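*Asks:* Sequence first, then the predicted structure, then my questions.
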Amino acid sequence: MNNSVLSLGGRALLLALLALVVLPLPALAAGENYGRVSGYVYDSENKPYPGVLVKLTGPSLQQPQFTKSSKDGRFEFSLVPPGDKYTLDINTEGFAPLKKTGVIVLLGKSTPVDMKLALLDAGEETIDVAGHINPYISPDSAQTIQVLTAEKASATPVFNQVQAIPQLAVGVGPGNAPSSRGGLSRYGRSYVDGMDTTDVTDGSISAPFNFYAVENFEVITGGMDAQYNSMGMIENVVTKSGSNDYTYDATLVLSPSWGNVKALSASNQSTAVGNFTQNDSPQSVTTFYSPLVAFGGPIIKDRLWFYASGQWNQSHQETPLQLPGADLENRPKDTRTRLARLKLTYQPTSQDRLSVAFNYDDNRIDNNTSNAFTSLDAESNIDRGGFFFITNYDRTISDNMLFQISAGTTYKHADFTPQSGDLDAVSHNDGSITRFSPGALGSGRTSNYAIEVKRRFQFDPMLTFKLDQHQLKAGVQLGYLKGAQRQGVSGNERYQDTGGGVCDPTDSTTFIYCNRRIDYYGDNGEPGSLSTNAAVQTTGLFLQDRFTATRNLTVTAGLRFDAGRLYSDQGQFITSLKGFGPRVGATYDLFGDRTTMLTAFYGRSTDVGDVFIAQHGNSDLTQVTSTFNKTTNTFPDCTPFGTEPGCSTAGGPAGRVFDRKATAPHQDEISFGLHREVSEKAVVGVDFTYRKYSNMWVDEEINQLWDPSGTRILGYVNGDPRSIVKVSTPDDAWRDYKGMDLWTQGKVGSWDLLASYTLAFANGTVGNYFDGYGFNPRMKYFQEGPNPDDIRHTIKGSIAYTTDFGLDFGFRARYLTGTPLWMNINNAPGGSLYRSPRGTGYAVNSATGRPDFNDPSTVSELRNPDQFLIDAQVRYDAGRPFGLKQKFELTLLVVNLLNNTDITGMNDRYAPTGTNTYGLGSFRNRPLQAELLLRFRN
């Protein structure tokens, strides 16, 4: 990108961030930082009582908050940090003082509390308000939200990772970058303390941080208010801010090798090896150690607080691998992670609140791949890390007006390089068995080394104001996303071998393995790597009204406009994307007692681009493919864009055409639900959701002319023997989702429950952005079918049980039906060849050992095996018998309690020649792993 453009944009953003600190501006973040407490004040005759002063106090507040009941008796505190032990007080003339203690406030939710005044009797003291308070039922929002407090998260048997928590929520798939409700995993958004910190290219968490530094985990999966623009789930975490009391929290995680079951089958063992299960080969070794520390308290009591935390992870894994033609080996994989975080919270007056947070992370992984599909020479090294800086400033202008700002920046570097560091060694890739030096690094990369730097600048002001029964929000969300990357292939050349051996053009005994040779060229036309830059400017405007029509009915309506401007190398404008997102939701209190809620919602969200999309406006590596001539036993001498027989060119300066009139991908959602309280602090619900994802990004081939079978290229539109793709969002690139969720959350006696069942159907024509849809036009009619992450049935639960003597138990279980497979065949140079619709394949004839591709009656649905896993933990407060005020907790965490090492993924590629592994298992669950956690805190 042009340096002058960058310097100008950088100076403007820097000035904006400085202005945040020095100017007395107030604002609301793009994501919620707070919860709410709302309710009604009634007199002794159950009539609304206006003008009553209500006071809210609690350990998470530096200073008390006050508000007055409106003419209909309603009051609301809109700026309450998540926490428990809040107290509401009313002391009004002519009535007895009222107090309600133990009020719990969850992130993004409104806790309903009603206060009934009693006439004052002589000598009467404060009256404790009767009745329960259920923070898990929302009387004024149709958003699908599940909130886990820090205590709930620590009582759940899950590895201490912030990014792992969304898996527990209803409607969210497995993995640390999960899909939700039929969307892509890249649609997810990650907020920290209200600011968008999402990775600017893939939608994952930008950086990990100390798990125990989080106060509340909020996961939003549907019915989103207009202040959010996400086509997937949102994880918003609010971190701890300290208090007037000094706190400390130290944890040591110990997972020695003897605490983990050794795998009798490597999780990523090559299917070509066979007979690996239950043998006497050396077994895997796993160790993990991690100290975590956190402490906080006042710097100036009632004014300035701090909270600091740090973490250091050390992981070592050894996986037994048997590569064809090689000796058995234990492949070591070492991971080192360092995390640090500091947050300052300053409240100079009762109207002003400022918080500043800084986060640092560093992660290094040796031998990252560690599976039998990759030789040791092909192993990869990862070196990544960065920081983010967040500032939030809130100002209460009046009882009816609040103005806030969330702003900050993220920085992330990610270096993926060969483990050897040798960028001169020629790469080999054996299509049927294993990758050889140094091989491909990851799915979707043509390169085997990639060095990337990513940045985000965010500035989000918002105004909230009340007008009678309306609470209105208006905001602007400004983002600037930037990325630079360098990609290449070691030696600038790769041999695509076949048949289970390594092709050497100088050795006639290896000619049987020779298939293709690909030479790579940079943007200067010379063999080499490719360096590119891309940037995106995003603007979001929204207006939202939460209208409390009656005590029973709340309507939330909003309008949202989003725009993205995409830039490629040298600041060249690519295209602009626009989206309009109306939202309307309603909740109805069926019986008027805050126990039964009906919800309904319609809304649209749009994807107006990120750096990943903008990079598609740049050239790809020029790839010149030479197909081995079996007659002459030679590779032809191919040149870029030449016309020699057996040669083709892809990528390069003219390999892509960006559709400047592309429609922004968008998602329309319709949902409704019924939520019912079953105890004082527990709720069950049923939700029905339909989503349609339209106009998704694809690469459409516009130059190659294929024969009707889609196996041979007959010619080229412009005469040049090369692939040219059009980057566009056609109407026929879509996905949809139909789902029903049954769920429960809350506390019943000593039980803490979070459980759900999901029935879902996810279909479409696109499995992911730029996944090959449209690359071979003859294959388009096979593309429609179940999505790759179509999981029909999901049952999951996170259940904790607490005793009165310091012992508690936690269980986590999940059952998922298998995801679809899609039978395919290698089809050089067009990639994968499909002969049946998505999610299906041909049966293999037992007599011939081959499928009959001319007999469609043998086509059937293909799916991976179902999965069932249970994790458990037991925790004991060893300080209780000694009367310690502090907690000294001993926790034993066991992941995969049943040691279920069943197959989780199967090979769906059929090889007509050579070693065929179609239908064999390729991935397995990791075996049982145990951790001992020693935690000391006050």
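*Replies:* Nice, I can see it.

*Asks:* going forward, measure contacts between C-alpha atoms and count neighbours the same way
*Replies:* Fine.

*Asks:* Could you give the bridge partners of the closest residue to N533 other than its chain neighbours?
*Replies:* In space, and not counting its chain neighbours, N533 is closest to A484: 4.3 Å by C-alpha to C-alpha, 6 or more residues apart in numbering. On the basis of DSSP bridges, A484 is bridged to V453, N533.

*Asks:* Pull the contacting residues for A484.
*Replies:* Residues near A484 by C-alpha atoms under 8 Å, 6 or more residues apart in numbering: 452-454, 531-534.

*Asks:* Kindly report the same for S206.
*Replies:* 190, 197-199, 410, 412.

*Asks:* same thing but 10 Å
*Replies:* 163, 189-192, 196-200, 361, 385-388, 410-412, 454-456 (C-alpha atoms under 10 Å, 6 or more residues apart in numbering).

*Asks:* got it, and K578?
*Replies:* Neighbouring residues of K578 by C-alpha under 10 Å, 6+ apart: 538-540, 561-565, 606-609, 662-665.

*Asks:* Just read off the phi/psi values of the residue nearest the centre of the chain.
*Replies:* Centroid-nearest residue in the chain: A177, 3.7 Å away (criterion: C-alpha atoms, centre = their mean). Phi and psi for A177, reported as degrees, to the nearest 10, are phi -130, psi 70.

*Asks:* same question, the one 5 residues further on
*Replies:* Here is the backbone geometry of G182 (degrees, to the nearest 10): phi 80, psi 0.

*Asks:* ok, now which ones touch the residue lying closest to it once chain neighbours are set aside?
*Replies:* Of all residues not flanking G182 in the chain, Y737 sits nearest, at 5.1 Å (C-alpha to C-alpha, 6+ apart). For Y737, the contacting residues are 180-183, 669, 689-693, 760-764, 786-787, 790, by C-alpha under 10 Å, 6+ apart.

*Asks:* What mean pLDDT does stretch 883-903 get?
*Replies:* Per-residue pLDDT over stretch 883-903 has a mean of 90.

*Asks:* Check stretch 384-391 too.
*Replies:* On average, the pLDDT along stretch 384-391 is 94.

*Asks:* do the same with stretch 693-712
*Replies:* Mean pLDDT, computed over stretch 693-712, is 91.

*Asks:* Start and end of it, how far apart?
*Replies:* 32 Å (C-alpha to C-alpha, to the nearest Å).

*Asks:* beta partners of F542?
*Replies:* Applying DSSP bridges to F542 gives these bridge partners: G475, R560.

*Asks:* residue ranges of the helices in this structure, please?
*Replies:* 3-22, 150-154, 611-615 (DSSP state H).

*Asks:* Counting only strands, which of the contacts of K578 make the cut?
*Replies:* Mapping the contacts of K578 onto strands (DSSP state E) picks out 538-540, 561-565, 606.

*Asks:* will you turn these into CSV that also has neighbour count?
*Replies:* Putting the ones in strands among the contacts of K578 into CSV (neighbours: other C-alpha atoms under 10 Å) gives the following:
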residue, neighbour count
T538, 22
T539, 19
G540, 24
F561, 19
D562, 23
A563, 21
G564, 22
R565, 20
T606, 25
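
*Asks:* So which of these is the closest to K630?
*Replies:* Checking these against K630 by C-alpha to C-alpha gives R565 as the nearest, at 49.5 Å.

*Asks:* who are the neighbours in contact with V453?
*Replies:* The contact partners of V453, taken as C-alpha under 10 Å, 6+ apart, are 384-386, 411-415, 482-486, 533.

*Asks:* How confident was the prediction at it?
*Replies:* Predicted confidence (pLDDT) for V453: 96.

*Asks:* on that earlier part again, can you name the two of the contacts of K578 that sit furthest apart?
*Replies:* Taking C-alpha to C-alpha as the measure, the contacts of K578 span a maximum distance of 19.0 Å, between G540 and A662.

*Asks:* Give me the neighbour count for G905.
*Replies:* For G905, the count of nearby residues is 22 (other C-alpha atoms under 10 Å).

*Asks:* can you tell me how far it sits from G921?
*Replies:* Distance of G905 to G921, computed by C-alpha to C-alpha: 6 Å.

*Asks:* give me every residue that touches D383.
*Replies:* The contact partners of D383, taken as C-alpha under 10 Å, 6+ apart, are 336, 362-366, 413-417, 451.

*Asks:* beta partners for it?
*Replies:* R364, D415.

*Asks:* Okay, it and G488: tell me how far apart.
*Replies:* On the measure of C-alpha to C-alpha, D383 and G488 end up 17 Å apart.

*Asks:* Ok, L148 next?
*Replies:* Taking C-alpha to C-alpha, one finds L148 at 43 Å from G488.

*Asks:* I137 now?
*Replies:* From I137 across to G488, the span is 53 Å (C-alpha to C-alpha).

*Asks:* go on, A682?
*Replies:* From A682 over to G488 (counting by C-alpha to C-alpha), the distance is 55 Å.

*Asks:* quick one: which of the two has more around it?
*Replies:* A side-by-side neighbour count of A682 and G488, using other C-alpha under 10 Å, places G488 first with 25 against 21.

*Asks:* Could you list the low-pLDDT ranges of the protein?
*Replies:* 1-31, 122-124, 130-132, 262-283, 322-327, 371-373, 431-447, 499-500, 828-831, 913-915 (pLDDT under 70).

*Asks:* Put the alpha carbons of the longest strand seen in it into PDB.
*Replies:* When the chain is parsed with DSSP E, its longest strand is strand 329-349. The C-alpha trace of strand 329-349 is given here as PDB (Å, rounded to 0.1, in the frame of the first residue of the first chain):
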ATOM      1  CA  GLU A 329       9.300 -42.500  14.900                       C
ATOM      2  CA  ASN A 330       7.900 -40.400  17.700                       C
ATOM      3  CA  ARG A 331       7.400 -37.000  16.300                       C
ATOM      4  CA  PRO A 332       7.900 -34.200  19.000                       C
ATOM      5  CA  LYS A 333       5.600 -31.200  19.000                       C
ATOM      6  CA  ASP A 334       6.500 -28.400  21.400                       C
ATOM      7  CA  THR A 335       4.300 -25.400  22.100                       C
ATOM      8  CA  ARG A 336       5.300 -22.300  24.200                       C
ATOM      9  CA  THR A 337       2.800 -19.600  25.000                       C
ATOM     10  CA  ARG A 338       3.300 -16.400  27.100                       C
ATOM     11  CA  LEU A 339       0.400 -14.100  28.000                       C
ATOM     12  CA  ALA A 340       0.200 -10.800  29.900                       C
ATOM     13  CA  ARG A 341      -2.600  -8.400  30.600                       C
ATOM     14  CA  LEU A 342      -3.100  -5.100  32.600                       C
ATOM     15  CA  LYS A 343      -6.400  -3.300  33.000                       C
ATOM     16  CA  LEU A 344      -6.900   0.100  34.800                       C
ATOM     17  CA  THR A 345     -10.300   1.500  35.700                       C
ATOM     18  CA  TYR A 346     -10.800   5.100  36.700                       C
ATOM     19  CA  GLN A 347     -13.900   6.800  38.000                       C
ATOM     20  CA  PRO A 348     -13.200  10.400  38.800                       C
ATOM     21  CA  THR A 349     -16.900  11.300  39.300                       C
END
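
*Asks:* Could you name the helices and strands sitting against that strand?
*Replies:* strand 285-300, strand 304-321, strand 352-366, strand 380-398 (3 or more C-alpha pairs under 10 Å, 6 or more residues apart in numbering; DSSP states H and E).
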